[in-house]
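Participant: what follows is a protein structure lacking sequence information:
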């Protein structure tokens, strides 16, 4: 036995975070590929009288979890988003909550562009074509895609990731439209400095006028199902929809129907509803001709995931030591 505080970690994260925690605490890690159930998290917190919990976006952290250990001082999520944590309940119990903002901005924007380009130039189809030994000659009409240069990019949600995605349009000489709850003159000025003249429009105009639509909004009551049947019908029949935000922002059934009817050209998804997306899900019948799906890897670069681990560990340390968290979700949500 040891007198050192215990931290329960709901999944193996990069060593940059785990090694840091192990220097000061007893660290118990769920080593399985699939996430632990909520009841298991509760039992581990209770069994170890854990003072720290480092969780993932897929873990539901509610009243029951927060009550499992009377010594619980901090919940640190290995993610930017924190809608899976009951912040109000944590605040009532004086349990600090940390997250990892900012670190994945550029990496996620890179992935948004990867999906955009894969859909535009049909690269996944091309790979499958070659792998199937169908490439017998150069064919003038083979896998003709859409030009990206000179096209119109629509950004839904001009936050950090949305702005980073918009910045990359400068190299393709694209027109950039954006929408959100309000116009963002400061963001517009920032983008001008990078050679991008972004124009604020309402959602309907953005969907009507954009060749590529990239989603970058948080999941809230307002944004759940934001892109549904009516919005997809508004888009051009050859337009590409990219979602690296949250799966629930897009109505999956409506997207399936829109791809089936040819109401939009293609979709590139890094997030889905449900998530993970089962291999036999109806939506996947459109892949790869009309659909490219990646398994929520927007932040998955070696450098970014390592930095996220360090940030999550730093939040745990601060919470256990009774210090202000470097990145407090409660503060960002206006609850402290």
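Facilitator: That came through, no problem. Remember, it's a predicted structure, so these values are computed and weren't measured experimentally.

Participant: roughly how far is the helix or strand containing residue 113 from the heart of the chain?
Facilitator: Assigned by DSSP states H and E, residue 113 belongs to helix 105-121. Helix 105-121 has its C-alpha centroid displaced from the chain centroid by 13 Å (Cα atoms, centre = their mean, to the nearest Å).

Participant: which SSE is immediately downstream of it?
Facilitator: helix 123-131.

Participant: can you list the strands that the helix or strand that comes right after that following helix pairs with?
Facilitator: Where DSSP H and E defines the elements, the next helix or strand beyond helix 123-131 is strand 152-156. Applying DSSP bridges, strand 152-156 is found paired with strand 175-179 (parallel), strand 212-215 (parallel).

Participant: name the next helix or strand downstream of the helix or strand containing residue 256, please.
Facilitator: Using DSSP H and E, the element containing residue 256 is helix 252-261. Counting by DSSP H and E, the element after helix 252-261 in chain order, helix or strand, is strand 266-269.

Participant: strand partners (parallel or antiparallel) of that next one?
Facilitator: Applying DSSP bridges, one finds strand 266-269 paired with strand 240-243 (parallel), strand 291-293 (parallel).

Participant: Serialize those strands to JSON lines and add fields for mean neighbour count and mean pLDDT.
Facilitator: The C-beta positions use only the backbone N, C-alpha and C, and glycine is treated the same way. Output for the strands paired with strand 266-269, formatted as JSON lines (neighbours: other Cβ atoms under 10 Å; pLDDT from 0 to 100):
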{"stretch": "strand 240-243", "mean neighbour count": "29", "mean pLDDT": "98"}
{"stretch": "strand 291-293", "mean neighbour count": "22", "mean pLDDT": "98"}
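
Participant: so for residue 324, which of the ones you listed sits nearest?
Facilitator: strand 240-243 (34.4 Å; Cβ to Cβ).

Participant: how many neighbouring residues does the nearest residue to residue 107 once chain neighbours are set aside have?
Facilitator: Excluding the flanking residues, the one nearest residue 107 by Cβ to Cβ, 6 or more residues apart in numbering is residue 304, at 4.3 Å. By other Cβ atoms under 10 Å, 20 other residues sit near residue 304.

Participant: likewise for the one 10 residues further on?
Facilitator: The burial metric for residue 314, expressed as a neighbour count using other Cβ under 10 Å, is 19.

Participant: SS state for it?
Facilitator: Of the three states, residue 314 takes helix according to DSSP: H, G, I helix; E, B strand; the rest coil.

Participant: contacts only, for it.
Facilitator: 20, 98, 326-327 (Cβ atoms under 8 Å, 6 or more residues apart in numbering).

Participant: cutoff 6 Å now
Facilitator: Residues counted as contacts of residue 314 (Cβ atoms under 6 Å, 6 or more residues apart in numbering) are residue 326.

Participant: and what of the one 5 residues further on?
Facilitator: Counting by Cβ under 6 Å, 6+ apart, residue 319 makes contact with 73-74, 96.

Participant: and it, helix, strand or coil?
Facilitator: helix.

Participant: thinking again about what came up before, avg pLDDT for the helix holding residue 256?
Facilitator: The pLDDT scores in helix 252-261 average 98.

Participant: buried sites along it?
Facilitator: The neighbour-count check on helix 252-261 (16 or more other Cβ atoms under 10 Å) flags 252, 254-256, 258-259 as buried.

Participant: go on, stretch 67-76?
Facilitator: Those would be 68-69, 72-76, for stretch 67-76 by 16+ other Cβ under 10 Å.

Participant: residues in contact with the residue nearest in space to the middle of the chain?
Facilitator: Central residue check for the chain by Cα atoms, centre = their mean: the C-alpha nearest the mean position is that of residue 245, 4.5 Å away. Going by Cβ under 6 Å, 6+ apart, residue 245 touches 215-217.

Participant: can you tell me which of these lies nearest to residue 63?
Facilitator: In terms of Cβ to Cβ, no member of the contacts of residue 245 lies closer to residue 63 than residue 217, at 27.4 Å.

Participant: which SS class is that closest one?
Facilitator: From three-state DSSP, the assignment for residue 217 is coil.

Participant: do you know how far it is from residue 20?
Facilitator: As for residue 217, its distance to residue 20 is 32 Å (criterion: Cβ to Cβ, to the nearest Å).

Participant: please consider this matter closed, and thank you.
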